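> Show me the folded form of this:
(one chain, ligands or ions: 1)
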Amino acid sequence: MRKAILLIEDETILAKNMGLYLEHHDCEVRIAETAEEGLALMDRFKPDAVVLDFNLPGMDGLEALRRLQETAPTLPVVMITGHGNVEMAVEAMKLGAREFLTKPVSLAKLKLVLDKAMDDARRDRNIDYLTSRDNEALPRHGLVGESVAIRQLRSSLQQLLDAESHMSTSPQSTPPAVLILGETGTGKEVVARTLHFGGRRRDKPFVELNCAALPAQLLESELFGHERGAFTGANERKLGLVETAEGGTLFLDEIGDMDLGLQAKLLKLLEERTMRRVGGLRELSVDVRVIAATHRPLETLVQEGRFRADLYFRLCVVRMVIAPLRERERDALLLADHFLSELAARYGRKPPALSAAAQRRMLAHGWPGNVRELRNVLEQALLMCGNGPIEDQHLALVSMSPARQSAPPAMPVMESGLTSSRAGNGFQASNFGAFAGSGFGNPSFGNSGFGGLGGNPGGHSGPGGLNPVNIPVDPAVAAEREALVAALERCHWNVSRTAQALNLTRDALRYRLEKHGLQRRMSFAPRGPSDLG
Ligand SMILES: Nc1ncnc2c1ncn2[C@@H]1O[C@H](COP(=O)(O)OP(=O)(O)OP(=O)(O)O)[C@@H](O)[C@H]1O
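Okay, the predicted model is just below:
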C-alpha cells in the first residue's frame, strides 16, 4: 500500500530530492515549506508519517511537533536538523519524535528510517489499540444473553477462570490452550478477551492476529518476527507478535486458514514454548498463552489433511463452541436492547422501541452474520427510524437461500459452551471420542450452520474471497458493493479511513466487507489500529 508522507522542509532542493526519492519508492508525497502550511495539510492529506525540519521560518519544528502530537499522537514523525543539536534531539524525542536525522540527509537512510518509524508506530498502535479496545470489545455487561447456550458458556468461562486462578504462577504453568469454534460474529473474540482480561494475565498484552488476513510468508514474520537480512526487504530486525505477547495471550483468529508449514512452527511453540525468528539461529523461550478460534469445521479440515491433527489436539486442550444466534432462543431481542441503548447513546438519542412486527422478524431471521450482523442491522435501523419505533421495514435483513432459512435448529442448545460442560466441571481435556467417531466433533458443526450453507459457513467468503453466502444479488446490494469499492479505492484500502469516509463504525464496515467478499483484498489486514476489521 502506498504510504502518504508529508515533508515539512523549507530548503526547496532538499525537499524536492526527498520527495522524488520517496515517490520513486512508492510513496505519495506532499511538501510544505512552513510548519503552518504543513499543519494545515494534515486534515486533508492524512499522512502516514511526517518528516519535519527543526529550523523553519515562522513556527519552528519543535512547536510543530508539539501540535502534531496533540492532534495525532500516534503519527510517526522523523525530525531533521542541520545542526545535529543533541539537546534539541532529546527534546524532540521527549515530545514523541520517532527518529532523528542530521543533514546532509542520506535518502536511502531516510526511507529506511521512515519505514521503521511507520512499522514501529503500527506495532505500538496495535498494542494501544488492543488495550484501549478492551472495554469496547468486552461488552460492558459481559456476554449478553439468557439462552441456555449463553448461560452455559458464561458458567463454563467462569469455571475455567476459577480453575486457572489456582494454577501455580511459575513460568512453566501457562494456562491451557483454548480452541473457540463458532460461526462468524458469534462472539469468539469476546470469549477470548473474557478469558484474558478475566484472568491473571490481564495486565499483560492481549495480542491478536487474523491468520486469514496475510499470505503465509508475511504471517510467519508477523508471528515470529525476523532477523535483519532474513529476506529481501528485511532491513531491520523485527519482533514478532509472539514475543510481543510475552507473559500474556496470543489470540489466533481464523486458525483454520493457517498454512501447513506454519502450523508446524506453531505446534513447536505450544509443545516446547520456544520459537525462532525468521532467519534467526537462536531458539527463544516464550511464555504465551494461546487461544485460537475459527469459523471453519476444524475437524473436517483435519480429516482432509488440511489441518494437522497434532496441532488440533494441542490447541483444544479446552474446546468451546459458541452457538449461532439463531439457536439462542430470544437472545436476539436481549442483544437488540443492549445494542440499541449503546448505539442510541452514541448518536445522542433515546433508544427506540422495537415494534412487535420487527421483533417477530428478528426472531425468524437466520442471522448468518450472527451478533455482528444484528448490531449492524440495528445501527442502520436506528438511523432510519426517525423518532418512532423501529418497524420491520427498517430492518435491512439479508435474505438467505431457502435451504438455510428452513434449516432446523441444529442441536440441543445444551451442546453449546464448552463441549465438555456435559461432564459437569464445565471443561476438560478435548473431546477425543467425538473426534474419532463419525460425529467428528460437536454436532452443532455437523448439523447446522456450516452444513446448511453449502460449504460457505456463516457468510464468510470463499477462498478467493469473492463468493459470500448464497445471496441473490439485487441491484441495491450491487450498488452498495460498488460504493464500498469506490470508497476503499479512494482511501487506499485503509479500513479506518474508509469507515470514516462512509460514516460507518469499523465493525459495520468489516461486516460489509465480509458480506461482499472484499475482506481478503485488504493486502495489509493485520488487526492494527488503522487496518483493523
Ligand atoms: N454475547 C454477546 N453480548 C454482547 N456483544 C456481543 C456478544 N457476542 C458478540 N458480541 C459483539 O458482536 C460483535 C462480533 O463479535 P466477535 O468479534 O467476538 O465475533 P467473532 O466470532 O470473533 O467474529 P469473527 O469470526 O468474524 O472473527 C462484537 O462487536 C462483539 O462485541
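> For burial, what's the neighbour tally of the residue in the chain positioned nearest to the ligand?
For the chain, the residue closest to the ligand is Gly187, as judged by C-beta to the nearest ligand atom, at 2.8 Å. For the C-beta atoms, the positions are set from N, CA and C on the backbone; glycine is no exception. When neighbours are defined as other C-beta atoms under 10 Å, Gly187 has 26 of them.
> Check Glu220 too.
Burial measure for Glu220: 21 neighbouring residues, criterion other C-beta under 10 Å.
> For it, which three-state class applies?
Secondary structure assignment for Glu220 (DSSP: H, G, I helix; E, B strand; the rest coil): helix.
> wait, isn't the residue of the chain closest to the ligand in contact with Leu143?
Yes: applying C-beta atoms under 8 Å, one finds Gly187 in contact with Leu143, separated by 6.5 Å.
> For Leu250, identify the helix or strand it belongs to.
Leu250 is located in strand 249-253, with elements delineated by DSSP states H and E.
> That strand near the ligand at all?
Yes: when contact is scored as C-beta under 6 Å from any ligand atom, part of strand 249-253 falls within range of the ligand: Asp253.
> Direction included, what does that strand pair up with?
Note on strand 249-253: by DSSP bridges, its sheet partners are strand 206-210 (parallel), strand 289-294 (parallel).
> returning to what we had before: list the residues that contact both of Gly187 and Leu143?
Common neighbours of Gly187 and Leu143 (criterion: C-beta atoms under 8 Å, 6 or more residues apart in numbering): none identified.
> and Leu340, how far is that from Arg330?
Taking C-beta to C-beta, to the nearest Å as the criterion, Leu340 is separated from Arg330 by 15 Å.
> Who has more neighbours out of those two?
Set side by side, Leu340 and Arg330 show unequal neighbour counts under other C-beta under 10 Å, the larger going to Leu340 at 22 against 14.
> Just the pLDDT for the more buried one.
Per-residue confidence at Leu340 stands at 95 (pLDDT).
> wait, is it part of a helix?
Yes: assessed with three-state DSSP, Leu340 lies in a helix.
> Tell me who's in contact with the residue of the chain closest to the ligand.
When contacts are counted by C-beta under 8 Å, 6+ apart, Gly187 is found next to Leu143, Ile322, Asn370, Val371.
> Go through those and say which is closest to Leu179.
Nearest to Leu179, judged by C-beta to C-beta, of the contacts of Gly187 is Ile322 at 11.4 Å.
> contacting residues around the closest one?
When contacts are counted by C-beta under 8 Å, 6+ apart, Ile322 is found next to Ala149, Leu153, Ile180, Leu181, Gly182, Glu183, Thr186, Gly187, Lys188, Val191, Ser416, Gly417.
> let's see it at 10 Å
Counting by C-beta atoms under 10 Å, 6 or more residues apart in numbering, Ile322 makes contact with 143, 149-150, 153, 180-183, 185-188, 190-191, 293, 295, 328, 370-371, 416-417, 444.
> Skipping its backbone neighbours, what lies nearest Ala332 in space?
Counting by C-beta to C-beta, 6 or more residues apart in numbering, the nearest residue to Ala332 once its immediate chain neighbours are dropped is Met362, at 5.0 Å.
> So that neighbour, which state does it fall into?
On the three-state scheme (three-state DSSP), Met362 is labelled helix.
> can you pull the pLDDT of it?
Reading off the confidence values, Met362 has pLDDT 94.
> My understanding was that it contacts Leu378; is that so?
Yes: at 9.1 Å, Met362 counts as touching Leu378 under the criterion of C-beta atoms under 10 Å.
> Pull up the overlap in contacts between the two.
Between them, Met362 and Leu378 share the neighbouring residues Leu335, Ala336, Leu354, Ile390, Leu395, with contact defined by C-beta under 10 Å, 6+ apart.
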